[in-house]
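Novice: Build me a model from this:
(2 chains)
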There are 2 protein chains.
Amino acid sequence: MELDYVRWLTEQLSAGGPIALGIGDDAAVVNIEPGRQLVVTSDMITDQVHFDLGLHAAERIGRKALAVNLSDLAAMAAEPLAAVVSLNLPREHEPRQLAEQLTEGMIPLAEQLGCPVIGGDTNVTRGPLVISVTAFGTVDAGTAWRRSGAKPGDRMLVTGKLGGSLQGHHLDFTPRVAEALQLASQYDIHAAMDLSDGLSLDLARMTKASHVGAVVELAKLPITEQAARAAVDSGKSPAMHALSDGEDFELLLAVPPAVSAELLATQPLACGLTDVGEFTADTSLVQLNADGTREALLATGYEHR
Amino acid sequence: MELDYVRWLTEQLSAGGPIALGIGDDAAVVNIEPGRQLVVTSDMITDQVHFDLGLHAAERIGRKALAVNLSDLAAMAAEPLAAVVSLNLPREHEPRQLAEQLTEGMIPLAEQLGCPVIGGDTNVTRGPLVISVTAFGTVDAGTAWRRSGAKPGDRMLVTGKLGGSLQGHHLDFTPRVAEALQLASQYDIHAAMDLSDGLSLDLARMTKASHVGAVVELAKLPITEQAARAAVDSGKSPAMHALSDGEDFELLLAVPPAVSAELLATQPLACGLTDVGEFTADTSLVQLNADGTREALLATGYEHR
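Specialist: Residues are numbered from 1 along each chain as shown, chains lettered A, B, ... in the order given. You can find the predicted model right below:
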């Protein structure tokens, strides 16, 4: 649904005027002054779709609502400015208390990453709980990372580890804002996006936007303990979990080989950077298995509906 | 609910850093460069609370979702820059078609007032339809209108006519963006807000924020034909409809007497400007009846829940 609608919407709305980058990347980019641009992202999460109010503490849910937006700012290497939050509070859940709990979950993350909540809207409805966050950041003009800049020969790097996010990481992750700003200030990064729907699906989006293909080396994937444990029960390999579980909220980067070599040698990020493959001129997506065989990489990530 | 939560939230979040004006006005103001500020507003509307998807065409609903946000930008005298839209689409309503209809309702207004929709988020859920819009604009630093600037002796002006909005105006109104920019560029306006919940309730908010009182002259209220007709059935006076029906989305202005005199003499706005009373040092709210008697003005507008 979402992809079709985004395509249709993109056709309706032409970039131009103050709009430097419209619909289709992790965030939109707007010219606000010579030399500086505004980066805007908006994500809405809903009970029973993105979280379960019956299972998860409201504070963790509120934190996630802000975090997914900050992850989109990180994907653009934008410096956070502020966020606005709108809440639809279900009548049967003591709405005032719920609003406070959701907000209390946001505030530490907002302070940690320099993105104060400056306004919003609250309504009490018959439900479900809906949390809509719009986050703003800024970049020097022309420096926002995009998903469309990967070049054949670029190395494919990811931050942190992948897979098993639904065991808890999807509620407690720290958006890679600081890491993105650190990399953007010192290194030539060709393309970036955040991994929200699984490496295989998000990689397909990056390669399509960049008009390239890619080879992913399964043996190199950095795999979380949660994914390794999940594989014991699921019958899928840990690597398949890392490829398709979704909600990792790590960064996927396309980096020139010389820059990649330096990053891997110096490892400037505490979360680690791992080389997991290469971007190619051939536009197909290939997985290189541990035994040296190759097969088509299926985009099997999680599409939120 | 909302007022209590906003008060609590304001206590949690201190203005400062880039935040020039936080929670509590029609929109927030953020410093983005020397001399220029970003104005941000976010309103979320929901089926069965703010509209009825069973009764109203989706295009009109989509238009309203954008319009209420543009009205908040008008209330700050901000020049629109862009908006992002997030949709929770109910599964049973052909979500893709509904998304297109909602958006098609927004586009003409977005083009008319120079506020392109540049991104957002869509989810399909069990319902109800939720539309969250965040609109942002810019102002020269320090020039954003606020509701807190009314001074004793200021005249109270309103644009257009009041009352009876639920007969259709609440879906089809044109936000007073052009009017606000015209006034702000030429006249000294002490305070402003948009009338979303009825003159009596919104006036109480402005006087509280400004630490003043006010006298409203009922005989002067500009009353819509819809309010006059509604009064025939309701048993309330047309003036009471104009005071409390809500969703007028006209501008309420506090203006120095000399400026008011010039505005009333020259009538620079096509929608008209009407003097409806005075702001006072005494912090009470008074209504001056047509027969010359005075009584306490009750804040009886519509609070959305």
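
Novice: Run a quick neighbour tally on A:Gln267.
Specialist: 11 (other CB atoms under 10 Å in any protein chain shown). C-betas here are computed from N, CA, C, even on glycine.

Novice: Thought A:Asp275 was touching it, still the case?
Specialist: No - applying CB atoms under 8 Å, one finds A:Gln267 not in contact with A:Asp275, separated by 11.4 Å.

Novice: in chain A, which spans are helices?
Specialist: A:2-12, A:58-75, A:95-112, A:169-172, A:177-186, A:199-210, A:225-234, A:238-244, A:257-266 (DSSP state H).

Novice: Could you export those to a markdown table, including columns for distance to B:Thr280, mean pLDDT and mean neighbour count?
Specialist: As requested, these are exported to a markdown table (distance: least, CB to CB, whole Å; pLDDT from 0 to 100; neighbours: other CB atoms under 10 Å in any protein chain shown):
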| stretch | distance to B:Thr280 | mean pLDDT | mean neighbour count |
| --- | --- | --- | --- |
| helix A:2-12 | 50 | 66 | 15 |
| helix A:58-75 | 42 | 97 | 27 |
| helix A:95-112 | 34 | 94 | 19 |
| helix A:169-172 | 52 | 92 | 18 |
| helix A:177-186 | 49 | 98 | 19 |
| helix A:199-210 | 60 | 96 | 22 |
| helix A:225-234 | 64 | 93 | 16 |
| helix A:238-244 | 66 | 95 | 24 |
| helix A:257-266 | 66 | 98 | 14 |
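
Novice: Those residues of the stretch 151-300 of chain A touching chain B, which are they?
Specialist: Contact residues, the stretch 151-300 of chain A versus chain B (CB under 8 Å from any CB of the partner chain): none.

Novice: Tell me which residue of the stretch 151-300 of chain A lies closest to chain B.
Specialist: Ranking the residues of the stretch 151-300 of chain A by distance to chain B (CB to the nearest CB) places A:Ser196 first, at 11.2 Å.

Novice: Which residues are in contact with that residue?
Specialist: With contact taken as CB atoms under 8 Å, 6 or more residues apart in numbering or on different chains, A:Ser196 is in contact with A:Val68, A:Ser71, A:Asp202, A:Gly246, A:Glu247, A:Asp248, A:Phe249.

Novice: State the pair within the residues you listed that is farthest apart.
Specialist: A:Val68 and A:Asp202 (13.6 Å; CB to CB).

Novice: what's around the residue nearest to A:Pro128 when sequence neighbours are not counted, how many residues?
Specialist: Distance criterion CB to CB, 6 or more residues apart in numbering or on different chains; nearest residue to A:Pro128, sequence neighbours excluded, is A:Asp47 at 4.0 Å. Neighbour count of A:Asp47, defined by other CB under 10 Å: 21.

Novice: Find the residue at the geometric middle of chain A.
Specialist: By CA atoms, centre = their mean, chain A has its centre lying nearest to A:Asp194, at 2.7 Å.

Novice: what is that one paired to in the beta sheet?
Specialist: Taking DSSP bridges as the rule, A:Asp194 bridges to A:Leu251.

Novice: Surely it touches A:Asp26?
Specialist: Yes - when contacts are counted by CB under 8 Å, A:Asp194 is listed as touching A:Asp26 (6.1 Å).

Novice: Which residues are in contact with each of these two?
Specialist: A:Asp72, A:Ala75.

Novice: Could you pull up the contacting residues of the residue nearest to A:Pro128?
Specialist: A:Leu53, A:Pro90, A:Gly127, A:Pro128, A:Leu129, A:Val130.

Novice: likewise A:Ala141?
Specialist: A:Ala20, A:Asn31, A:Pro34, A:Gly35, A:Arg36, A:Gln37.

Novice: For these, give me CSV that also has neighbour count, distance to chain B and pLDDT.
Specialist: Output for these, formatted as CSV (neighbours: other CB atoms under 10 Å in any protein chain shown; distance: CB to the nearest CB, whole Å; pLDDT from 0 to 100):
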residue, neighbour count, distance to chain B, pLDDT
A:Ala20, 20, 10, 68
A:Asn31, 15, 9, 84
A:Pro34, 7, 9, 79
A:Gly35, 10, 9, 85
A:Arg36, 14, 6, 87
A:Gln37, 24, 10, 91
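
Novice: Let me have the residues you listed in TSV, adding distance to A:Leu81 as columns.
Specialist: TSV is the format used below for the contacts of A:Ala141 (distance: CB to CB, whole Å):
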residue	distance to A:Leu81
A:Ala20	16
A:Asn31	15
A:Pro34	18
A:Gly35	16
A:Arg36	11
A:Gln37	11
